[in-house]
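S.K.: Below is the sequence, then the predicted model.
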Amino acid sequence: MSRSQKSSSEQNEVVRLDKWLWAARFYKTRSLATEAIKGGKVHLNNQRVKPSHHAEVGHTVRIKKESIKQTVIIKQLSAKRGPAKVAQTLYEETQESIERREKQLQERKTMMAGMPQFQSRRPSKKERRKIIQFKQENN
């Protein structure tokens, strides 16, 4: 039986890791998923693997994206990218990972709360007039 004649359940048994990461919406493109795996930012069962390594149900995937680290367990396999709701059913994030991510988020919020916020908008017409008037008075 050729690969194109296999049923959809048989095709789902073998999925490349980079394709699964893309289908589960961890990365926007397969090439970004491939680069992340090659760069050591994705580990399968605590081991560095190649992008072509097969993902299997029950495997643990550790993903580091920017400052966020996630540990997920593969629940379903899919080689097709679907809606976000469907993509969330492909994996389950571990409780430790969720707690660590929420703690990092809370720390980042507290750190940003103490930082001054700058306005990055242009002055209004009224504000421009005041600036011009101020400059003319000081000349």
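M.R.: Yep, it's here.
S.K.: Can you verify residue 63 is assigned to a strand?
M.R.: Yes. Using DSSP: H, G, I helix; E, B strand; the rest coil, the assignment for residue 63 is a strand.
S.K.: tell me which residues form a beta bridge with it?
M.R.: Counting by DSSP bridges, residue 63 forms beta bridges with residue 42, residue 70.
S.K.: OK, contacts around it?
M.R.: Residues near residue 63 by Cβ atoms under 8 Å, 6 or more residues apart in numbering: 21, 26, 36, 41, 42, 69, 70, 71, 72. Quick note: C-beta positions are derived from backbone N, CA and C, even for glycine.
S.K.: Residue 54 now?
M.R.: By Cβ under 8 Å, 6+ apart, the contact list for residue 54 reads 14, 15, 16, 17.
S.K.: Looking at it now. What's its pLDDT?
M.R.: Looking at residue 54, its pLDDT stands at 95.
S.K.: quick one: it from residue 124, how far?
M.R.: Separation of residue 54 from residue 124 (Cβ to Cβ, to the nearest Å): 59 Å.
S.K.: Which residue, neighbours along the chain excluded, lies closest to the spatially most central residue of the chain?
M.R.: Central residue of the chain (Cα atoms, centre = their mean): residue 26, 4.4 Å from the mean position. Counting by Cβ to Cβ, 6 or more residues apart in numbering, residue 63 is the residue found nearest to residue 26 once chain neighbours are left out, at 5.8 Å.
S.K.: Retrieve the pLDDT associated with the residue nearest to residue 55 when sequence neighbours are not counted.
M.R.: In space, residue 55 comes closest to residue 20 once its chain neighbours are excluded; the distance is 4.3 Å by Cβ to Cβ, 6+ apart. Looking at residue 20, its pLDDT is 96.
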